[in-house]
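**Q** 3D model of this:
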Amino acid sequence: MRSYSPDEFVSKLSADELPEAEEVKILGLAKVADEPSGLYFTSSTSCERWSRVPVELVESIQHVATTTCADHTHPVVAITFKQPDESRPELAFLLSVLSATQRSLSRALSAASKQTSSVVSGNDCTDCQIVNTPEGLQVCCWCPGNEIVCTGIA
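**A** Here you go, the predicted model:
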């Protein structure tokens, strides 16, 4: 991710010259995998459909919150992936597709915010994402008290 001085950022923003961010970040629940330094991840709020995350692909992990799932808890994390080197064109392709999908979902989330405003106060809840739940695609936000609030997308 490119950093700018404040003056440089304002100049590029004013001239509409900011490139699309290529950072690939996913938000969801995490748990320890069976193998050493292993990590499982899910964007499901019901602790289902876990995927193993190859930790060698991870740039950083931010602990956003902790949430209850049935009779236990899981950390809510934001995982940022490393940019792949040129020897992995298939990984570079998949991460670029994921990045483009995230931008589309971000626009959809922004459009869906009108629907969620009656359910979720933007001042109280953070880290909203569109997630695939057993009820279908929903906008889910992590709120104070580790509550997850979801609403359907029309």
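**Q** alpha carbons only for contacts and neighbour counts from here, please
**A** OK.
**Q** thinking Lys25 is in contact with Gln83, fair?
**A** No - because the distance of 11.2 Å does not satisfy Cα atoms under 8 Å, Lys25 is recorded as not touching Gln83.
**Q** ok, longest strand in this protein?
**A** Once the chain is assigned using DSSP state E, the strand that runs over the most residues is strand 58-69.
**Q** ok, residues contacting that one?
**A** Residues outside strand 58-69 that contact it (Cα atoms under 8 Å, 6 or more residues apart in numbering) are 45-47, 73-82, 142, 146-148.
**Q** for it, buried residues please.
**A** Counting neighbours by 16 or more other Cα atoms under 10 Å, one finds that the buried residues in strand 58-69 are Val64, Ala65, Thr66, Thr67, Thr68.
**Q** now do the strands in this structure.
**A** Under the criterion DSSP E, strands of the chain are mapped to 25-32, 39-42, 51-53, 58-69, 72-81, 126-133, 136-143, 147-152.
**Q** domain-wise, how is the chain divided?
**A** Per automatic domain parsing, the domain ranges recorded for the chain read 1-95, 107-154.
**Q** could you identify which of those domains has the lowest mean pLDDT?
**A** The weakest mean pLDDT among the domains of the chain belongs to domain 107-154, with a mean of 63.
**Q** what separates the nearest residue to Val139 once chain neighbours are set aside from Thr45, distance-wise?
**A** By the measure of Cα to Cα, 6 or more residues apart in numbering, the closest residue to Val139 outside its immediate chain neighbours is Ile130, 4.4 Å from it. From Ile130 over to Thr45 the distance is 11 Å, taken as Cα to Cα, to the nearest Å.
**Q** cool, Ser99 as well?
**A** The spacing between Ser99 and Thr45, counted by Cα to Cα, is 22 Å.
**Q** quick revisit: closest one to Pro89 among the strands of the chain?
**A** Pro89 lies closest, by Cα to Cα, to one member of these: strand 72-81, at 15.1 Å.
**Q** quick check on Lys46: phi, psi?
**A** Residue 46: Ser, not Lys. Note on Ser46: its backbone torsions stand at phi -110, psi 20 [degrees, to the nearest 10].
**Q** so who does it touch?
**A** Applying Cα under 8 Å, 6+ apart as the definition, the contact partners of Ser46 turn out to be Cys69, Thr133, Pro134.
**Q** and which of those residues is nearest Glu35?
**A** Proximity of the contacts of Ser46 to Glu35, judged by Cα to Cα, is greatest for Cys69, which lies at 22.6 Å.
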